[in-house]
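1. give me a model of this one.
(one chain, ligands or ions: 1)
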Amino acid sequence: MKICRFTSRKNSLQRYGLVEDSSLRPLINPYPFEGEINPGDEILSLNEIKLLAPVQPSKIVCVGRNYMEHAAELGNALPEQPLLFLKAPSALIGHEEAIKLPIESSQVEHEGELAVVIGRAASRLSDAEDPMAFVFGYTCLNDVTARDLQRKDVQFTRAKSFDTFCPVGPYIETELNPEDLAVITRVNGQIKQSASTYAMAFSVKFLIKYISHAMTLFPGDLIATGTPAGVSKLHAGDIVEVEIEGIGVLKNPVLEV
Ligand code: MG
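-> Numbering: from 1, shown residues only. Prediction:
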């Protein structure tokens, strides 16, 4: 199932919906994470709604250097254990919203990534618990990064968390095997990044359990699983797309602030 978050012209409430071809059915339950996904009788056309970032996470946990060729292109080795950092939830934007280039940086880059959406609270998962049972679904995420500030600052926080630096969407796909999905990032239609999630150093399953031993993951939390090689600088006027097999295309224009 494809789940989105949206507002409509007639109703400014932020709601979740079940996407079916070119239409959607708003869910009766306010959040899709608990209980059954229960769409009502109302049917809306995708033309009459505005898609929002599909979740409102308490945190966005990111994994750095999870693809060998990307670690190498920035002069790094693969880490021996996952390299974790956080991205501010205030950086979230949805499909077709603009990434705004901040004046503080002269090197803002795209990082197309598979994102895991958590469905059930996960804390210190035991060997008997299957990490995949805590997944709600998967979506596309662009871990936009001010590369110059990432190198300059000791911590990644500022470089990763400017407002609009976390496009997510367009939908959450709830039925997907994350082990071998094509992840492609295009700028102005030209392919910049192309890889399979098969090449990840640490799998989704491993990452969920590992992160749960540091912090409780809550429904709606996002795990950005790292980017393949091919990151490049974004310019005002660019259109950047992150496409993941089985999910769809997350498209965002780039503007000066
Ligand atoms: Mg990243």
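2. can you list contacts of stretch 70-78?
-> 65, 68, 79, 201, 226-231 (Cβ atoms under 8 Å, 6 or more residues apart in numbering). The C-beta positions use only the backbone N, C-alpha and C, and glycine is treated the same way.
3. now Leu24: which helix or strand?
-> strand 23-26 (DSSP states H and E).
4. can you list the strands that that strand pairs with?
-> The pairing partners recorded for strand 23-26 under DSSP bridges are strand 15-20 (antiparallel), strand 44-45 (antiparallel).
5. which of those sits closest to the ion?
-> Evaluated over the strands paired with strand 23-26, closeness to the ion peaks at strand 15-20, with 26.3 Å, by Cβ to the ion.
6. in the closest one, which residues are buried?
-> 15-19 (16 or more other Cβ atoms under 10 Å).
7. coming back round to it: okay if I get the strands paired with strand 23-26 as TSV plus distance to Ala98 and mean pLDDT?
-> Shown next, in TSV, are the strands paired with strand 23-26 (distance: least, Cβ to Cβ, whole Å; pLDDT from 0 to 100):
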stretch	distance to Ala98	mean pLDDT
strand 15-20	23	95
strand 44-45	24	94
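8. for the ion, what is the nearest residue in this structure?
-> For the chain, Cβ to the ion, closest residue to the ion: Asp143, 3.4 Å.
9. so who does that residue touch?
-> Asp143 touches 62, 87, 111, 113, 160, 165-166, 224, 227, counting by Cβ under 8 Å, 6+ apart.
10. just the pLDDT for it.
-> Confidence at Asp143, expressed as pLDDT, is 98.
11. how about it, nearest residue that isn't a chain neighbour?
-> Glu111 (3.9 Å; Cβ to Cβ, 6 or more residues apart in numbering).
12. the one you found contacts Gly230, correct?
-> No. The criterion here is Cβ atoms under 8 Å, and Glu111 misses it with Gly230 at 9.5 Å.
13. tell me which of the strands paired with strand 23-26 sits nearest to Gln107.
-> strand 15-20 (35.7 Å; Cβ to Cβ).
14. and for the closest one, what's in contact with it?
-> Against strand 15-20 from outside (Cβ under 8 Å, 6+ apart): 1-7, 24-27, 29-32, 37, 39, 44, 46, 49, 171.
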